[in-house]
Every structure is written in C-alpha cells, then in structure tokens.
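Colleague: Dropping the sequence and predicted coords here.
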Amino acid sequence: MAQVMEREASPGVSYVMPVLNEADYVRQAVESILGQEYDGEQEIVLALGPSTDDTTRIVESMAATDSRVRYVHNPASRTPIGLNLAIKATRLPVVIRVDAHSILAPDYTRRGVATLLRTGAADVGGLMAARGRNDLQRAVAAAYNSRYGLGGAAYHAGAPEGEAESAYLGIFRRSIFDEVGFYDESLWRGQDWELCLRIRKAGHKIWFDPELSTAYFPREDFGPLAAQSYASGVWRGELARRHPEGKSLRHLLPPAALLASSVGGLAWFVPLADAGPVKGMLLRGFRVAPLVYAGLVGYAAATTDHLRPTQRLLLARVLPTIHFPWAAGFIRGRLRGSGNTVDTGRGRCRRTT
C-alpha cells in the first residue's frame with residue numbers, strides 16, 4: 001500500500017472522527033470534509049458514541065444520503081477507542097483525523113497529502129485556528145490562539161515548517177498504525193502525543209506545516225471549559241508520569257502560578273505586625289504573586305488583537321478558567337495518576353445561535 005501511495009499524486013484518503021453529543025457541530029464538520037478540493041478517493045468513518053442529543057440521528061441521516069459517509073459504534077465513548085475502531089474500518093492509504101468541532105479549509109487535504117509525500121513524514125499536522133460564534137467563544141478562541149492561553153505550542157501559536165514533537169489531529173500514512181500500533185486506549189486524553197512519541201522512536205518524522213490550518217470551535221461556557229481544562233491537566237500529568245521525556249517548562253508554569261497565587265492570597269490574611277523580619281519579607285513576596293498573575297492576565301487581555309472590549313473582559317476571566325483547573329489537574333495526575341478522570345463538560349455545552 002505504501003509503494004502505491006508514493007506513485008499516486010492523490011492517494012485515497014480516509015477521514016476518521018469520534019463523535020459524542022456533537023449535534024451542534026457534526027454536520028458542519030462532515031460537510032467541510034465532503035467539500036474538500038481533492039481528486040483522490042475519499043471516505044469518512046465516524047465513531048459514534050452513545051450521545052444523548054441528536055448526534056446519532058444526524059450521523060445516520062448523512063450516512064444514508066452519501067455513500068462516502070460510514071459509521072461504527074463506540075459504546076465505550078472514549079476518544080482513543082473510537083479512533084481505533086474508525087481507523088480499523090478504513091480501507092485507503094492515508095488517514096486524516098478530524099474533530100467534530102473542526103472545519104477543514106477546502107484545500108486542507110490536498111495540501112496535507114502533498115506535504116506528507118514531499119517530506120516522507122509519517123504524520124503531518126498544522127495550526128489549530130480557534131474560532132468563535134459568540135463573544136465568550138471568541139474570547140476562549142483568543143486564549144487558545146495566544147501563548148498566554150495554552151502555552152505556545154507550535155500548532156497553537158505557529159512556528160516555521162519542520163519536524164515537530166506532535167501534530168494537531170494528524171494526517172497519517174495508514175501503514176504507520178500497523179507498524180507502531182494504534183492509539184493507546186488507556187490514555188483517555190493526550191493519546192495523540194503518545195502515538196507521536198512511538199512514531200518518532202520508530203525512526204519516522206512528525207511534520208508541522210504552518211500553511212495547514214483547521215478552524216476549531218472551543219467550549220462556549222465557563223463550566224465545560226473548566227472541566228475540559230481539568231481533565232486535560234490530569235492526563236498531561238499522567239503522561240509526565242509515564243514518559244519523563246515529555247516534560248516541558250510550559251507544563252510547569254500553570255502549577256507554579258496556581259501554587260504561588262494560592263499561597264499569596266492566604267498571605268494577605270497573616271498580619272505583618274506579628275511576623276519577624278524574615279517571615280515578613282516572605283509574606284510580602286508571596287502577597288505579590290497573585291497581583292503579578294492578575295497583571296499578566298490583564299496585559300494579555302489588553303494586548304490581544306481583534307477583540308472588542310466585552311471580549312477582552314471575558315478573556316480576562318477565560319485565562320484563569322483555563323490555567324487553574326489545568327494546573328490542579330496536572331498536579332493530581334503527576335502525583336496520583338489519572339485514575340478514571342473524564343471530561344465532565346462534554347455534552348453540557350451551550351447551544352449557539
């Protein structure tokens with residue numbers, strides 16, 4: 001299959017997408033796939049979880065009206081299980097992972113497959129360009145796109161084209177799964193990074209192409225956003241336990257901010273008059289920490305481009321809603337492991353108009 005793929009300018013592509021409670025987004029995501037400007041054969045395989053909204057009905061309707069759309073059932077509802085079920089049901093030499101909250105640019109497949117063939121990489125990814133449909137979602141998107149929000153990873157903040165540690169979503173050679181294995185089903189989040197680690201250890205390249213851009217619609221309410229951030233932090237902490245080589249300074253900054261701000265907040269309730277010189281100096285230092293964090297949040301909100309005043313105020317609330325739950329989750333995952341932590345915000349997102 002690999003040799004046939006190299007000889008073809010437009011090898012066949014299978015898109016895989018796990019879905020659960022995505023009635024507001026799944027049709028638009030699938031339509032962006034069906035609208036791809038690509039000459040090769042295409043199929044879509046959705047891993048359909050036990051949704052409690054209209055997702056199942058929508059997916060079944062699309063599959064009934066377009067032979068390119070198929071689905072497999074994912075009763076466990078876990079993302080890595082769904083991805084593996086969908087990949088195993090594919091039959092074409094290129095696999096493209098797509099998120100139900102994403103919209104592919106019309107030339108995404110053509111550009112991505114060309115980069116895959118040009119570079120000889122096993123997995124290619126591009127930018128996650130977060131977008132919003134209302135003020136709050138636009139503020140969340142601004143946080144995602146900013147180095148102050150999710151830490152400045154290449155697929156959020158951008159970087160020159162070249163080899164990378166991981167890839168957003170991923171455009172894969174189907175054969176790589178037969179070589180290194182499928183997604184680790186024990187990792188309920190962060191499984192993409194772990195797969196990329198195995199691919200790199202097998203001697204293959206992960207490639208970042210900044211010209212590839214996928215529109216992504218993040219959580220649109222504070223509760224689901226905090227729940228998602230906490231679960232992401234827990235599983236990143238679990239990854240750090242399992243794979244020390246995956247540690248990064250940016251993963252330590254949110255826990256440091258949480259601990260310093262928490263201690264600093266408590267320090268304001270300790271009278272300086274009762275403290276000695278050394279203790280007093282420490283208390284004054286700790287008291288500054290939450291003020292510094294608040295100043296950085298204010299600076300980020302004030303200097304982020306293309307936001308209206310209301311959205312800037314929302315961004316100032318969004319940033320700690322991302323940072324502090326993620327930090328608490330990371331500390332828990334790093335010290336105690338992930339346990340059975342799930343993203344409790346899935347299915348609780350507010351409907352947009």
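Modeller: Done, it's in. Predicted model, so just to flag it, every value in this text is computed and none were measured.
Colleague: quick one, helices of the chain?
Modeller: For the chain, the helices defined by DSSP state H occupy 2-7, 26-34, 55-65, 79-88, 108-119, 135-145, 147-150, 154-157, 175-180, 191-201, 222-242, 249-267, 277-303, 309-336.
Colleague: Quick one: list the elements packing against the fifth one.
Modeller: Think helix 108-119. strand 94-97, strand 123-130, strand 171-173, strand 206-216 (3 or more CB pairs under 8 Å, 6 or more residues apart in numbering; DSSP states H and E). Heads up, the C-betas are built off the backbone N, CA and C, glycines and all.
Colleague: Dump those into CSV; add mean neighbour count, mean pLDDT and distance to residue 311 as well.
Modeller: Below are these laid out as CSV (neighbours: other CB atoms under 10 Å; pLDDT from 0 to 100; distance: least, CB to CB, whole Å):
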stretch, mean neighbour count, mean pLDDT, distance to residue 311
strand 94-97, 25, 98, 30
strand 123-130, 24, 92, 13
strand 171-173, 26, 98, 32
strand 206-216, 21, 92, 17
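Colleague: would you turn these into a markdown table with distance to residue 188?
Modeller: Below are the helices and strands packed on helix 108-119 laid out as a markdown table (distance: least, CB to CB, whole Å):
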| stretch | distance to residue 188 |
| --- | --- |
| strand 94-97 | 16 |
| strand 123-130 | 20 |
| strand 171-173 | 20 |
| strand 206-216 | 20 |
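Colleague: So for residue 69, which of those strands sits nearest?
Modeller: Nearest to residue 69 among the helices and strands packed on helix 108-119 is strand 94-97 (14.4 Å), distances taken as CB to CB.
Colleague: Distance from that closest one to the middle of the chain?
Modeller: Computed by CA atoms, centre = their mean, to the nearest Å, the chain-centroid distance of strand 94-97 equals 17 Å.
Colleague: what does that strand contact?
Modeller: With contact meaning CB atoms under 8 Å, 6 or more residues apart in numbering, strand 94-97 is reached by 5, 11-17, 40, 83, 87, 109, 112-113, 116, 169-174, 177, 192.
Colleague: do you know how far residue 199 is from residue 69?
Modeller: Residue 199 sits 28 Å away from residue 69, going by CB to CB, to the nearest Å.
Colleague: typo on my end, residue 262
Modeller: Separation of residue 262 from residue 69 (CB to CB): 49 Å.
Colleague: Give me the more crowded residue out of those two.
Modeller: More neighbours surround residue 69 than the other of residue 262 and residue 69, with 20 against 16 (other CB atoms under 10 Å).
Colleague: Next, name the residue at the spatial heart of the chain.
Modeller: Note on the chain: the residue nearest the mean C-alpha position is residue 168, at 7.1 Å, using CA atoms, centre = their mean.
Colleague: list the contacts for that residue?
Modeller: Counted by CB under 8 Å, 6+ apart, residue 168 has contacts 125-128, 155, 192, 214.
Colleague: and of these, the nearest to residue 249?
Modeller: For the contacts of residue 168, the residue nearest residue 249 by CB to CB is residue 155; the value is 17.7 Å.
Colleague: leaving aside the residues next to it on the chain, what's closest to residue 257?
Modeller: residue 293 (5.4 Å; CB to CB, 6 or more residues apart in numbering).
Colleague: can you tell me how far the closest residue to residue 220 other than its chain neighbours sits from residue 311?
Modeller: Nearest-residue entry for residue 220: residue 137, 4.2 Å, with adjacent residues in sequence omitted and distances by CB to CB, 6+ apart. In this structure, residue 137 and residue 311 are 10 Å apart, going by CB to CB.
Colleague: cool, and residue 109?
Modeller: Residue 109 is 32 Å from residue 311, by CB to CB.
Colleague: can you check residue 120 too?
Modeller: 42 Å.
Colleague: With neighbour numbers in mind, choose between these two.
Modeller: Neighbour comparison, residue 120 and residue 311: the larger count goes to residue 311, with 23 against 11 (by other CB under 10 Å).
Colleague: Local confidence estimate at the more buried one?
Modeller: Note for residue 311: predicted pLDDT of 96.
Colleague: and if you look at residue 156?
Modeller: For residue 156, pLDDT reads 60.
Colleague: what's the answer for residue 1, then?
Modeller: Note for residue 1: predicted pLDDT of 52.
Colleague: Same check on residue 162?
Modeller: 93.
Colleague: what residues are up against it?
Modeller: 207-208.
Colleague: repeat that with 7 Å
Modeller: residue 208 (CB atoms under 7 Å, 6 or more residues apart in numbering).
Colleague: Would you mind measuring from it to residue 206?
Modeller: Distance from residue 162 to residue 206, by CB to CB: 10 Å.
Colleague: now swap in residue 118 and tell me
Modeller: 15 Å.
Colleague: likewise residue 295?
Modeller: In terms of CB to CB, residue 295 sits 36 Å off from residue 206.
Colleague: One more: residue 30?
Modeller: Counting by CB to CB - residue 30 and residue 206 are separated by 26 Å.
Colleague: And residue 49, by the same measure?
Modeller: 27 Å.
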